[in-house]
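[1] take this sequence and fold it.
(one chain, ligands or ions: 1)
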Amino acid sequence: MMSMNVSEKDIQNIIQSVLQNIETVMGKDSSTQNQTIAPIKMKTITPDATGEIRAASTTHTITNGIFERMEDAIDAGYQAQIEYVKDYQVKDRERIISSIRTAILNEKETLAKMVYEETKLGKYQDKIAKHELVATGTPGTEDLATAAFSGDDGLTIVEQAPFGLIGAVTPVTNPTETVVNNSISMLAAGNAVVFNVHPSSKQSCEYVIKLINQAVQAVGGPANLVSMVKNPTLDTMKVLTESPKVKVLVGTGGPGLVKALLQSGKKAIGAGAGNPPVIVDETADLENAAKSIINGASFDNNLLCIAEKEVFVQESVANDLIFHLLNNGAYMLDQQQLQQVMSFALEENEKQVAQGCSLDNKRDYHVSKHWVGKDAKLFLEKIGVVASSDIKLLICDVEFDHPFVQLEQMMPVLPIVRVKNLDEAIDLAVQAEHGNRHTAVMHSRNVDHLTKFARAIETTIFVKNASSLAGVGFGGEGHTTMTIAGPTGEGITSARTFTRQRRCVLAEGGFRIIG
Ligand code: NAD
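    Numbers count the residues shown, from 1 in each chain. Sure, this is the predicted structure:
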């Protein structure tokens, strides 16, 4: 290492010479003499007469993130991301995210209503709760961490850097909620995102993307950090997956989507289908189990991928569990009523094609889309049953191979399978989960039983003695997500998922020169 002594006089000489250089650069002796340095103009954002947001320093209306052509959305998102990493610091990202959170919370009722009316799925009240959850429970920049190594050879840091522009595909079951959750996570990590949303939710998604753009720009952020193509199709999806400007693909949906993204040749983060089983063993607190199962399985009419989809209960406690389920808002379908429900809620797989939660084309039935996410009371009305308006969930006593056990039904119809013992419960639950490794739930007071099931099923989320909702932060610890990337292994996605590692090394040299 070189060292030198610098006196106060030397320092004054250095300052003097720097000042002289500045004067020369500013052209003191030329025509610009006496010119004062203009203050840097901050970009101010003001709403125009039509309520659209306009940048005061530009003459064109800032676009709101909605594009007729996917190519234009990609170009705009690509430029926005370059500006985002160049001109904005991490604290700016945090200000932008905070503005998005507030905008979503302010409009959670409107968003819930729009999604409910457009998709005709689920429950309005639960959709308000979902918007609240993603706005408050999705981590921001605090999720990012820098690793550091220091020692005799210097200092090395590993930063979490953005990928750039991300292409994201969203499901009809959590449309705007996924847009909000993905946007916060991806922007926190320094990315921009273009969405190809599910076509049956495009109006609600257009609304939320405009809202996000307004929120970003209201605090001085760049336009089009979050955008979508107005009319998403498989063709626009192809443009998205093939564009060299899109660095990563993120898909939330069924197995067909995940497979398509993984075949793209790009890095893909895939959040696929689930069919979460619940085991209730003979040691369980049966009342708590019943209440938790009803909460999870009836929430938003069972649309969530994490929701309880079938129950395996030990024969010795099955009647007691059913008693508590009936006391807490369930209605038991008898065998004849079950046949009636199957006749309209399921469709025979005559063409032998794969659909829904599985790529298996040999399944006997598919779920009827008309009945996905509908209220329990509509099912009852259809079969001519007059029941109390408190009924949230229909239950039925079935064998393991029943289609309601095997299919990801996404309806408030929960099949219950009686089993002889724990080993049988685990064996059947693992089979019913179909290797998705998504979510499983168990009610038991025996730690060995809980461990045995968790090890056998290996799901991304394993919830003990609570509703499945606890697995995404509804009444459980840990942050929330709407994109649970089981197939590709990222798990409960957050800002750090959407980063790549960058190593920065400060050393004395590649190797020491001796002598
Ligand atoms: P879906 O697979 O029908 O559609 C999801 C998205 O993918 C839509 O935007 C759709 O247009 C697109 N898509 C579908 N098939 C495609 C293909 N072959 N090629 C290209 N794009 C395709 O799913 P959905 O009905 O909208 O949502 C429900 C499914 O999503 C359920 O299976 C549920 O378990 C799953 N889901 C998973 C998560 C998770 O985090 N793992 C979260 C929500 C929903």
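
[2] CA atoms for contacts and neighbours, from now on please.
    Fine.

[3] for the ligand, what are the nearby residues on the protein?
    Within the chain, the positions near the ligand by CA under 6 Å from any ligand atom are 169-173, 197-198, 234, 252-254, 256-257, 260, 271-274, 305, 356-357, 482-485.

[4] buried ones among the residues you listed?
    Taking 16 or more other CA atoms under 10 Å as the criterion, what is buried in those is 169-173, 197-198, 252-254, 256-257, 260, 271-274, 305, 356-357, 482-485.

[5] for the one helix or strand Glu132 maps to, which outside residues touch it?
    Glu132 belongs to helix 124-137 when assigned by DSSP states H and E. For helix 124-137, contacts defined as CA atoms under 8 Å, 6 or more residues apart in numbering pick out 100-102, 104-105, 108-109, 111-113, 116, 176-177, 180-181, 299-300, 473-474, 479-482.

[6] tell me the residue of the stretch 301-450 of the chain that sits nearest the ligand?
    Cys305 (3.8 Å; CA to the nearest ligand atom).

[7] surely that residue meets Ala271?
    No - the pair Cys305 and Ala271 does not pass the contact test of CA atoms under 8 Å, sitting 9.7 Å apart.

[8] and Val25, what pLDDT?
    We have a pLDDT of 38 for Val25.

[9] now, the contacts of helix 124-137 that are in helices?
    Among the contacts of helix 124-137, the members falling in helices (DSSP state H) are 100-102, 104-105, 108-109, 111-113, 116, 176-177, 180-181.

[10] for PyMOL, what selects the buried ones among these?
    Only the buried entries of the ones in helices among the contacts of helix 124-137 go into this PyMOL selection, using 16+ other CA under 10 Å:
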select buried, resi 100+101+104+105+108+109+111+112+113+116+176+177+180+181
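
[11] which one of the ones in helices among the contacts of helix 124-137 is nearest to the ligand?
    Using CA to the nearest ligand atom, these come closest to the ligand at Glu177, 9.7 Å.

[12] show me what contacts that closest one?
    Contacts of Glu177 (CA under 8 Å, 6+ apart): Lys130, His131, Val134, Met482.

[13] among these, which one lies nearest to the ligand?
    The ligand lies nearest to Met482 out of these, by CA to the nearest ligand atom, at 5.2 Å.

[14] quick one: low-confidence parts of the stretch 1-150 of the chain?
    1-63 (pLDDT under 70).

[15] can you map out the helices along it?
    Assigned by DSSP state H, counting those that start in this stretch, the stretch 1-150 of the chain shows helices spanning 8-25, 70-87, 90-106, 108-119, 124-137.

[16] would you list those in TSV and tack on distance to Val229?
    As requested, the helices of the stretch 1-150 of the chain are exported to TSV (distance: least, CA to CA, whole Å):
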stretch	distance to Val229
helix 8-25	48
helix 70-87	5
helix 90-106	20
helix 108-119	18
helix 124-137	22
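
[17] burial count for the closest residue in space to Tyr365 that isn't next to it in sequence?
    Counting by CA to CA, 6 or more residues apart in numbering, Glu348 is the residue found nearest to Tyr365 once chain neighbours are left out, at 4.4 Å. Neighbourhood size, Glu348 [other CA atoms under 10 Å]: 13.
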